[in-house]
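K.L.:
Predicted coordinates and the sequence they were generated for:
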Protein chains: 2
Amino acid sequence: MHRKASMTGSMKNPLDSLLPHIREMEGYVPGEQLNTRKYIKLNTNENPYPPSPDVLVAIQKQLQRGIEQYPDPLATSFRLMAASQLGVRPESILCGNGSDDILTIVTRAFLGTSESLGIPYPSYTLYETLATLEQANIVFVPFTNEWTVDLRKINDSKRLKLFYLPNPNSPTGTVLRKEELIDLAERLPCPLLVDEAYADFTSESAIDLIEAYPNIMVSRTLSKSYSLAGLRFGYLVATPPLIEQLLKVKDSYNCNALSIAAATAAIADQKWFAQNRQKILTQREKFSDELSQLGFEVLPSSANFVWCSHPAHESQTLYKRLRENHILVRYMRYPHWGEGLRITIGTEEQLEALLVILRRLCRQK
Amino acid sequence: MHRKASMTGSMKNPLDSLLPHIREMEGYVPGEQLNTRKYIKLNTNENPYPPSPDVLVAIQKQLQRGIEQYPDPLATSFRLMAASQLGVRPESILCGNGSDDILTIVTRAFLGTSESLGIPYPSYTLYETLATLEQANIVFVPFTNEWTVDLRKINDSKRLKLFYLPNPNSPTGTVLRKEELIDLAERLPCPLLVDEAYADFTSESAIDLIEAYPNIMVSRTLSKSYSLAGLRFGYLVATPPLIEQLLKVKDSYNCNALSIAAATAAIADQKWFAQNRQKILTQREKFSDELSQLGFEVLPSSANFVWCSHPAHESQTLYKRLRENHILVRYMRYPHWGEGLRITIGTEEQLEALLVILRRLCRQK
């Protein structure tokens, strides 16, 4: 009988009810997440080291307190701890279900239909997806030869409603210095979100600029430098009146109870953080040198990955060969700019395994 | 120097850059989440019993596998398990960071600026917030005396672009029968999302209607019936082509690794679920009777809460007196409809503690 009812044809196909921009858009494609331990995974910039042991203790404590009640909508424990670590007020922090959630919230708050989001090119392709979801436009600002962003390279910067600057940038790993950030913030007619997903792997941060330049917001994630990609926790630092407005856009219970406990413990253990960070920085320099010796062109990286390409070997072919050898790196192609491999800094052993294959591949012609 | 730069006044106040509808809206206010154990918490419809022991085992296993890598963007393990429990295909399931995330995704996919979302009145106030975020309008359809939804009560049902029906409804606890759902789906010119957050506490579900009525979608949560409010996990059941479209709107990694593991184990343990459910249903009937004996008007509930008011006592006063006695219930006021208390079905002990106070309060005049 149900089937018969549906045959009357009176009912509209729900696909026809989708907003046209949703139906027509392509979804964001994240890096491959293969659920197997057979691969050395150097494609999505995760931390190769486990989180602080304190994180596990905090999760166990929360499990004992129970998980049947809703979490704290404001993640107060994290806000207090992060505020003291960062030297800001707790009211300056908005917590999110990963920094992707933060980016979604900010996009929805500032970017209207047919308005323009500015981003450097090449950068994090998710920004384009977020703008498309709001039926907004993208204005690409190509990087200068010195890897900075010069608004004079475009002729319509006055109509920008929001600017996203990943700093350090992905996929290039390059970074704008503080003076360059200030210059950009001063020239922009709109808020500037500095996406500091990778900032822990350099010494630059815009967090201390927020008070003097209230149009700057800074997003951070605990996925990379704090080894919590699986738990989804990110945050925004901005002026308290702005945070108060953005709270209206987030889902009430956007961060879960175990993630809040874990993130709070992770950011509290700065010693563990500093040790892991140092290992990654050391390995990044060594690995970059090794790649150069193999003939790769390697951009100087301020992140936990390197961007490289080889003048004599196709990046996509190298990606495929590595994959056949159970090593995943990210092959990326940016039209009108170039293509290459983005390789996450893994453990010494993982990187050595990768180099063994690359040495073999790059000797063959 | 930074401070000086900000004094030039060339910089725009970022609050002025917010989209006007964001600046002007009020945020959704969830029930009080007091982080103290001093209160008996019967205000946000959590399950008073812990989740299945299998959930804790699954979380420990995931912790051993690690939390430093990104989770599965599709939550495949949950989709497979839920599909077999529900008798649908895994491709019919979209997982979310709580069913609020599901509602956000569906709203963003179907509801454009100035378009109309239909909802019954009174119902879940979050729907209004979600529509406001999209600059859309709300069309309220008042419940009939038989607690059903009759589109003839409004004269502009043809312009609806989406309809949200909580079934059972909150705050009333009432439920539409399947024939009424079918009638509504057939009359609507748009998709119908049946929000089944509380469906596990009744025998009605629209999941088996989706194949014959593809304009029906069903959202579910593991917060209530599976005791996982702290972990944020919900899902949508709809036709696979629709799920494929909606995947474009969600954040890539919207569900975290521990939540996916926990939700998969929770829905697998149907024995634990059925035991808890039965306890809640038994207590619901007993508690409703007790309230009636105290002179309360109690709506017959199909959910894990009851809606009641007392002809001789102000609901808000009762709420305050209970709060002073460390018992939290939800006082709600719906303009042009009425006010009352929404009381979650807790444990026998919690409900008895509440009744002790109410007996005292309702004897006083």
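P.N.:
Thanks, I have the structure now.
K.L.:
check whether the longest helix anywhere in chain A contacts chain B.
P.N.:
Determined from DSSP state H, the single longest helix within chain A is helix A:270-293. No - remark: helix A:270-293 sits outside contact range of chain B, by CB under 8 Å from any CB of the partner chain, the gap being at least 10.1 Å. Where you see a C-beta, it was placed from the backbone N, CA and C, and this is true even at glycine.
K.L.:
quick one: strands adjacent to the helix or strand following that helix?
P.N.:
Remark: after helix A:270-293, the chain's next helix or strand is strand A:297-298, criterion DSSP states H and E. When pairs are called by DSSP bridges, strand A:297-298 turns out to pair with strand A:305-309 (antiparallel).
K.L.:
What average pLDDT does the following helix or strand past the partner strand get?
P.N.:
Per DSSP H and E, the first helix or strand lying C-terminal to strand A:305-309 is helix A:315-324. In this model, helix A:315-324 carries a mean pLDDT of 97.
K.L.:
could you say what helices and strands helix A:315-324 packs with?
P.N.:
strand A:330-334, strand A:338-344, helix A:348-363 (3 or more CB pairs under 8 Å, 6 or more residues apart in numbering or on different chains; DSSP states H and E).
K.L.:
returning to what we had before: list of residues touching the longest helix of chain A?
P.N.:
Residues from elsewhere that reach helix A:270-293, judged by CB atoms under 8 Å, 6 or more residues apart in numbering or on different chains: A:47-49, A:51-54, A:85, A:200-201, A:225-227, A:266-267, A:298, A:300-301, A:304, A:306, A:308, A:343, A:345-348, A:351, A:355, A:358.
K.L.:
How about exporting it as PDB, limited to the C-alpha atoms?
P.N.:
Only the C-alpha atoms of helix A:270-293 are listed here, as PDB (Å, rounded to 0.1, in the frame of the first residue of the first chain):
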ATOM      1  CA  GLN A 270      53.100  21.800  27.800                       C
ATOM      2  CA  LYS A 271      56.100  19.600  28.500                       C
ATOM      3  CA  TRP A 272      54.800  16.700  26.500                       C
ATOM      4  CA  PHE A 273      53.800  19.100  23.700                       C
ATOM      5  CA  ALA A 274      57.200  20.700  23.600                       C
ATOM      6  CA  GLN A 275      59.000  17.400  23.400                       C
ATOM      7  CA  ASN A 276      56.900  16.200  20.500                       C
ATOM      8  CA  ARG A 277      57.100  19.500  18.700                       C
ATOM      9  CA  GLN A 278      60.900  19.500  19.000                       C
ATOM     10  CA  LYS A 279      61.100  15.900  17.500                       C
ATOM     11  CA  ILE A 280      59.000  17.000  14.600                       C
ATOM     12  CA  LEU A 281      61.000  20.100  13.900                       C
ATOM     13  CA  THR A 282      64.300  18.200  14.000                       C
ATOM     14  CA  GLN A 283      62.900  15.500  11.700                       C
ATOM     15  CA  ARG A 284      61.500  18.200   9.400                       C
ATOM     16  CA  GLU A 285      64.900  19.700   8.800                       C
ATOM     17  CA  LYS A 286      66.600  16.400   8.300                       C
ATOM     18  CA  PHE A 287      63.900  15.100   6.000                       C
ATOM     19  CA  SER A 288      63.900  18.300   3.900                       C
ATOM     20  CA  ASP A 289      67.700  18.000   3.500                       C
ATOM     21  CA  GLU A 290      67.300  14.400   2.400                       C
ATOM     22  CA  LEU A 291      64.700  15.300  -0.200                       C
ATOM     23  CA  SER A 292      66.900  18.100  -1.500                       C
ATOM     24  CA  GLN A 293      69.800  15.600  -1.900                       C
END
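K.L.:
Just say helix, strand or coil for the residue nearest to the spatial centre of chain A.
P.N.:
When CA atoms, centre = their mean is applied to chain A, the residue found nearest the centroid is A:A197 (4.9 Å). The local conformation at A:A197, judged by DSSP: H, G, I helix; E, B strand; the rest coil, is coil.
K.L.:
where's the spatially closest residue to it that is not a sequence neighbour relative to chain B, distance?
P.N.:
Nearest non-adjacent residue to A:A197, counting by CB to CB, 6 or more residues apart in numbering or on different chains: A:T221, 4.9 Å away. Distance, A:T221 to chain B, using CB to the nearest CB, to the nearest Å: 11 Å.
K.L.:
Confirm for me that A:T221 is in contact with A:D101.
P.N.:
No - A:T221 is not in contact with A:D101 according to CB atoms under 8 Å; the separation is 9.9 Å.
K.L.:
Quick check: neighbours shared by these two?
P.N.:
The contact sets of A:T221 and A:D101 overlap at A:G234 (CB under 8 Å, 6+ apart).
K.L.:
List, one by one, the residues from the stretch 201-350 of chain A near chain B.
P.N.:
Applying CB under 8 Å from any CB, we find that the stretch 201-350 of chain A lies next to chain B at A:209, A:211-215, A:217, A:223, A:227-232, A:238-239, A:241-242, A:245, A:247-249, A:251-259, A:262.
K.L.:
Show me those residues that map onto strands.
P.N.:
Applying DSSP state E to those, the entries found in strands are A:M217.
K.L.:
Give me the buried entries from the residues of the stretch 201-350 of chain A next to chain B.
P.N.:
A:209, A:212-215, A:217, A:223, A:227-232, A:238-239, A:242, A:245, A:247-249, A:251-259, A:262 (16 or more other CB atoms under 10 Å in any protein chain shown).
K.L.:
Just the ones of these in helices?
P.N.:
A:L242, A:Q245, A:A257, A:L258, A:S259, A:A262.
K.L.:
Dump the residues you listed to JSON lines, plus pLDDT.
P.N.:
Listed next are these as JSON lines, based on pLDDT from 0 to 100:
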{"residue": "A:L242", "pLDDT": "96"}
{"residue": "A:Q245", "pLDDT": "96"}
{"residue": "A:A257", "pLDDT": "98"}
{"residue": "A:L258", "pLDDT": "98"}
{"residue": "A:S259", "pLDDT": "98"}
{"residue": "A:A262", "pLDDT": "98"}
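K.L.:
Among these, which one sits closest to chain B?
P.N.:
Taking CB to the nearest CB as the measure, A:A257 is the one of those closest to chain B, at 3.5 Å.
K.L.:
For the residue nearest to A:A197, give me phi and psi.
P.N.:
phi -140, psi 150 (degrees, to the nearest 10).
K.L.:
End to end on stretch A:208-222, go ahead and measure it.
P.N.:
End-to-end span of stretch A:208-222 (CA to CA, to the nearest Å): 19 Å.
K.L.:
An error on my part: the question was meant for stretch A:215-226.
P.N.:
Stretch A:215-226 has an end-to-end distance of 27 Å (CA to CA).
K.L.:
Could you do stretch A:105-121 as well?
P.N.:
22 Å.
K.L.:
hmm, that stretch touching chain B?
P.N.:
Yes - residues of stretch A:105-121 contacting chain B under CB under 8 Å from any CB: A:R108, A:A109, A:F110, A:L111, A:G112, A:T113.
K.L.:
Save the ones in helices among the buried ones among the residues of the stretch 201-350 of chain A next to chain B as JSON lines, and put in distance to B:Q135 too.
P.N.:
Below are those laid out as JSON lines (distance: CB to CB, whole Å):
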{"residue": "A:L242", "distance to B:Q135": "20"}
{"residue": "A:Q245", "distance to B:Q135": "16"}
{"residue": "A:A257", "distance to B:Q135": "33"}
{"residue": "A:L258", "distance to B:Q135": "35"}
{"residue": "A:S259", "distance to B:Q135": "31"}
{"residue": "A:A262", "distance to B:Q135": "36"}
